[in-house]
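Asks: Generate coordinates for the sequence data below:
(4 chains)
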Protein chains: 2
Amino acid sequence: MRRSAPGEVAAAPTMQDLATSLGVSVSTVSLALRGHSVISEATRARVVTKAEQLGYVYNRAAANLRTQRRHLVGLVVPDVANPVVADIALGLQSSVASEGLFVVSTSTLESVDAQHAVLRALTEDRAAGIVLIPALETKRQDLAIPASAAVPLVILNRSIEGATAPYVGAADEKIVDLALAHLFDHHHPQTVAYFGGIASASPYLARRTRFEQIISGREVTHLEPWSRPTAPTAEAGYRAFRELLTQGPPPDAVVCHSDSIAIGVLKALNEVDASPSECAVVGIDGLATSAMTTPGLTTIAIGTDELGRGAGAILLDAIAGEPARADDLSPVTPTLVVRQSCGCIGDPLVVPAEAGGHSQ
Amino acid sequence: MRRSAPGEVAAAPTMQDLATSLGVSVSTVSLALRGHSVISEATRARVVTKAEQLGYVYNRAAANLRTQRRHLVGLVVPDVANPVVADIALGLQSSVASEGLFVVSTSTLESVDAQHAVLRALTEDRAAGIVLIPALETKRQDLAIPASAAVPLVILNRSIEGATAPYVGAADEKIVDLALAHLFDHHHPQTVAYFGGIASASPYLARRTRFEQIISGREVTHLEPWSRPTAPTAEAGYRAFRELLTQGPPPDAVVCHSDSIAIGVLKALNEVDASPSECAVVGIDGLATSAMTTPGLTTIAIGTDELGRGAGAILLDAIAGEPARADDLSPVTPTLVVRQSCGCIGDPLVVPAEAGGHSQ
DNA sequence: AGCGCCAATTCAATCGTTTGAAAAGCGAGG
DNA sequence: CCTCGCTTTTCAAACGATTGAATTGGCGCT
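Replies: Numbering: from 1, shown residues only, chains lettered A, B, ... in the order given. Have a look, this model is predicted:
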């Protein structure tokens, strides 16, 4: 082990250091540390103890260079703070952990440039794989970087036109079906709207199209002005809905593009004292926090962790060199979570005991 | 560039491939790609074009091995989904980006084992630095791993007894001072409590101690049963507060350990139709979503992004080999955000136009 | 004593960069 | 024509691991 100059930080010991200090070869150390069976138990023990003693820590960069294998998968998303994304991250983590991979997340904040930078960095690092929720305005050619270094990529939540990478998304049609079916069965609205969401993101189009399809076959009128896209935050939803409320009474029922947006809508309705019976609202996502609104938010849970797990499964296949199988791509079945915001159940709500959450 | 066998994936081209295909040496390629001034403009251009043409991507693992320098800092936290953490991540990112570093986050879910695993992984990867919000029950010796490979570490939010790594935290005393000062000035409560939070985490002790200090000098009675610690989620807060409400009327004012918890408390109060004038609540954190509750949550903003930035600054110093300077460690000044939950302002609230948020 | 065999260990090449030092090319000055 | 001084390019040795092939040593068998 090299002696360090006075002011200098002691360099971390290497296998070589271990080897010489034990009077064996580096190969022996390497094999021993990884518990390879050709090494005798006695030497293995000696090596391991010495390693501990010297505070040796494995240098993965060196190993990876040699083996051309990596153990890290990147999750690149607009915003890690988004609870939906957080759930996805957990699902992904649990699915790739079995292969000894681990997941790191970074936020792009919807900036294509930032996204470009992190995709590049991840690729230069030769990540085992990348799961991407594309920033808005991401084009096909923005995904060229990982491709050129053969880093497997799976796209989540927002599809990119012309992209060849496998795509995993929620079951947008079924989601809307579920939401509307519930509203029609229990609330019999005369007027409806599809509120919020980013018009240029692919799920918006899918859901809104389905929405219009369904209601066109029913005896309801679509209050188009209330079907207004918004930024994907509760604040944006609040502001936009609040403004609409100044211009007239709300629809009898509104489907919100996400739970976050629904939270803003609820706030706006609360401020004008509009009850669920006047305006029923249902969200989409199934966030844990949507149980904490007043009234409790009725929502369509989209199975976020399953999405993450699904992405993980496809990624693992891709890493193993297998092409994505079609059945991997089948989206998760959404489920309806009934609370008070649709007007079906009275307060007080009893929150089911297994609910999760997040906080400081 | 090596030709690949039929079924095989084409290996990514290396500098060597570029070099031979251009009839120059690897050194030239290496220097050219990094824009070193000693290379003539003409060759630089040729190299760059060729690189593009061949889809060359830099192999950072190899470079890092050679240079012993890395460009990635790990943010290890209990839960990335926690909005506070997300803000910290942003602050950290913005502060280290200037040095060309970038931040990756991982969640430990309060598991010391999981934390151990990721600290080990980050250390084995020789991350440039690590910022850690320790999982509960983290002991001093759990931090030994990064130390042995000389990876700079800074601890955030929860201090660890006996740890030598620099610590950055919120100004717990000032936070409590601010909350109580506001309540006393505007609400004149007879009874108060400090609700929620994890009793074994260091900020809890600091805040609760200060709380008791202050009120002991005032004409108020502390309703101890209501000062109950909880898990750090809105759900946990809701459940615990709900239960307390069945046993009697709430205190006139309660300070909640976090905004998330306050959100649960508000939900519970809403369910029994208790208004802010009966029970004033103030949260701590200053989350964007706390503007979306009904009533809007009055809260103490702790300057989360500053915390992240602060951690980043210290980390950069440590990476540069400088010890943490004392003034780096001075915590951010908290600020009061007044909304309705403390009973000071009537509805409807106008949300200030610059508020941020997060969602799908 | 000689031989073969097996288990345990070591050799040495390799992964793809970086970088200090050496070399090559070339025009100018003596 | 030689030498000097530039600029530009190349040499070759790292960095710290992995791994197929070669080596060593000990043991049992004849």
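Asks: Distance-wise, check A:L109 relative to A:V76.
Replies: From A:L109 across to A:V76, the span is 11 Å (Cβ to Cβ, to the nearest Å). In short, each C-beta sits where N, CA and C put it, glycine included.
Asks: Compare those two and say which is more crowded by neighbours.
Replies: For A:L109 versus A:V76, neighbours defined as other Cβ atoms under 10 Å in any protein chain shown are more numerous around A:V76 (25 against 13).
Asks: and the more buried one, what helix or strand is that in?
Replies: Here A:V76 sits within strand A:72-77, counting by DSSP states H and E.
Asks: Ok, A:V154 next?
Replies: strand A:153-156.
Asks: List the neighbouring strands of that strand plus their orientation.
Replies: strand A:129-132 (parallel), strand A:167-168 (parallel) (DSSP bridges).
Asks: Export those to CSV and append columns for distance to DNA strand D.
Replies: Conversion of these to CSV gives the following (distance: least, Cβ to the nearest atom of the strand, whole Å):
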stretch, distance to DNA strand D
strand A:129-132, 19
strand A:167-168, 31
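Asks: Quick one, which of those gets closest to A:S258.
Replies: Proximity to A:S258 (Cβ to Cβ) singles out strand A:167-168 among the strands paired with strand A:153-156, at 17.8 Å.
Asks: Just the residues contacting the closest one, thanks.
Replies: A:154-157, A:159-160, A:307, A:310-311, A:314, A:328-329, A:331 (Cβ atoms under 8 Å, 6 or more residues apart in numbering or on different chains).
Asks: Measure how far it is from the centre of its chain, please.
Replies: Centroid separation between strand A:167-168 and its chain, computed with Cα atoms, centre = their mean, to the nearest Å, is 12 Å.
Asks: buried residues in the helix or strand following it?
Replies: Sequence-wise, the next helix or strand downstream of strand A:167-168 (DSSP H and E) is helix A:172-187. Neighbour counts over helix A:172-187 (16 or more other Cβ atoms under 10 Å in any protein chain shown) mark A:172-180, A:182-184, A:186-187 as buried.
Asks: hmm, back to that, can you flag the weakest of the strands paired with strand A:153-156 by average pLDDT?
Replies: Ranked on mean pLDDT, the bottom entry among the strands paired with strand A:153-156 is strand A:167-168, at a mean of 92.
Asks: Now for A:G321, how many residues are close by?
Replies: Neighbours of A:G321 using other Cβ under 10 Å come to 10.
Asks: Show the backbone phi and psi for it.
Replies: Main-chain dihedrals, A:G321, degrees, to the nearest 10: phi 90, psi 0.
Asks: What distance do you get for it to B:A62?
Replies: According to Cβ to Cβ, A:G321 and B:A62 sit 23 Å apart.
Asks: For chain B, see how far away the closest residue to A:G310 other than its chain neighbours is.
Replies: Among residues not flanking A:G310 along the chain, A:V168 sits closest, at 5.1 Å (Cβ to Cβ, 6 or more residues apart in numbering or on different chains). Going from A:V168 to chain B by Cβ to the nearest Cβ, to the nearest Å gives 15 Å.
Asks: now A:V168: how far from B:A45?
Replies: Counting by Cβ to Cβ, the separation of A:V168 from B:A45 is 41 Å.
Asks: Then A:A320?
Replies: Distance of A:A320 to B:A45, computed by Cβ to Cβ: 40 Å.
Asks: Same drill for the two, tell me which one is more crowded.
Replies: Neighbours per residue, other Cβ under 10 Å: of A:A320 and B:A45, the larger number sits with B:A45, 12 against 9.
Asks: Could you look up the SS state of the more buried one?
Replies: Look at B:A45: counting by DSSP: H, G, I helix; E, B strand; the rest coil, its state is helix.
Asks: where's it relative to DNA strand C, distance?
Replies: As judged by Cβ to the nearest atom of the strand, to the nearest Å, B:A45 and DNA strand C stand 17 Å apart.
Asks: swap in A:L205?
Replies: 40 Å.
Asks: Around the closest residue in space to that residue that isn't next to it in sequence, how many other residues sit close by?
Replies: Computed as Cβ to Cβ, 6+ apart, the closest residue to A:L205 that is not its neighbour in sequence is A:A199, at 7.7 Å. Around A:A199 there are 12 other residues, counting by other Cβ under 10 Å.
Asks: cool, A:V332 as well?
Replies: A:V332: 20 surrounding residues under other Cβ under 10 Å.
Asks: pretty sure it is in a strand, no?
Replies: No - A:V332 is assigned coil when assessed by three-state DSSP, not a strand.
Asks: For it, which non-adjacent residue is spatially closest?
Replies: For A:V332, ignoring the flanking residues on the chain, the nearest one in space by Cβ to Cβ, 6+ apart is A:G303 at 3.5 Å.
Asks: what does A:V176 give?
Replies: In this structure, A:V176 finds its nearest non-sequential neighbour in A:R210, 4.2 Å apart by Cβ to Cβ, 6+ apart.
Asks: close enough to count as contact, the one you found and A:D177?
Replies: Yes - using Cβ atoms under 8 Å, A:R210 makes contact with A:D177 at a distance of 7.2 Å.
Asks: hmm, back to that, and the strand holding A:V76, what does it pack onto?
Replies: Applying 3 or more Cβ pairs under 8 Å, 6 or more residues apart in numbering or on different chains; DSSP states H and E, we find strand A:72-77 packed against helix A:83-96, strand A:102-107, helix A:112-124, strand A:129-132.
Asks: Return the set of buried residues in the helix-or-strand element of chain A with minimal mean pLDDT.
Replies: The helix or strand of chain A with the lowest confidence, counting by mean pLDDT, DSSP states H and E, is helix A:144-148 at a mean of 90. Buried residues in helix A:144-148, counting neighbours by 16+ other Cβ under 10 Å, are found at A:I145, A:P146, A:A147, A:S148.
Asks: The second one and A:V131 touch, don't they?
Replies: No - at 11.0 Å, A:P146 does not count as touching A:V131 under the criterion of Cβ under 8 Å.
Asks: Spell out which residues of chain A are next to DNA strand C.
Replies: Applying Cβ under 7 Å from any atom of the strand, one finds that chain A approaches DNA strand C through A:23-28, A:31, A:38-40, A:42-43, A:62, A:65-66, A:68.
Asks: hmm, back to that, reformat the buried residues of helix A:144-148 as a markdown table; add distance to A:T230.
Replies: Output for the buried residues of helix A:144-148, formatted as a markdown table (distance: Cβ to Cβ, whole Å):
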| residue | distance to A:T230 |
| --- | --- |
| A:I145 | 32 |
| A:P146 | 32 |
| A:A147 | 34 |
| A:S148 | 37 |
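Asks: which of the residues you listed are close to chain B?
Replies: Counting by Cβ under 8 Å from any Cβ of the partner chain, A:I145, A:S148 from the buried residues of helix A:144-148 sit close to chain B.
Asks: now, which of the buried residues of helix A:144-148 sits nearest A:F102?
Replies: Set against A:F102, the nearest of the buried residues of helix A:144-148 by Cβ to Cβ is A:P146 (18.4 Å).
Asks: Report the contact partners of A:P251.
Replies: Applying Cβ under 8 Å, 6+ apart to A:P251 gives the contacts A:P189, A:T191, A:V192, A:A193, A:L223, A:W226, A:C279.
Asks: Can you show me the helices along the stretch 201-350 of chain A?
Replies: Using DSSP state H, counting those that start in this stretch, the helices of the stretch 201-350 of chain A run over residues A:202-216, A:234-246, A:259-271, A:304-319.
Asks: Pick the most deeply packed of the ones you listed.
Replies: helix A:259-271 (a mean of 28; mean count of other Cβ atoms under 10 Å in any protein chain shown).
Asks: same for that helix, what does it pack against?
Replies: With contacts defined as 3+ Cβ pairs under 8 Å, 6+ apart, the packing partners of helix A:259-271 are helix A:234-246, strand A:253-256, strand A:280-285.
Asks: follow-up on the earlier one: among the helices of the stretch 201-350 of chain A, which is nearest B:D252?
Replies: Among the helices of the stretch 201-350 of chain A, if distance is taken as Cβ to Cβ, the winner is helix A:259-271, at 23.6 Å.
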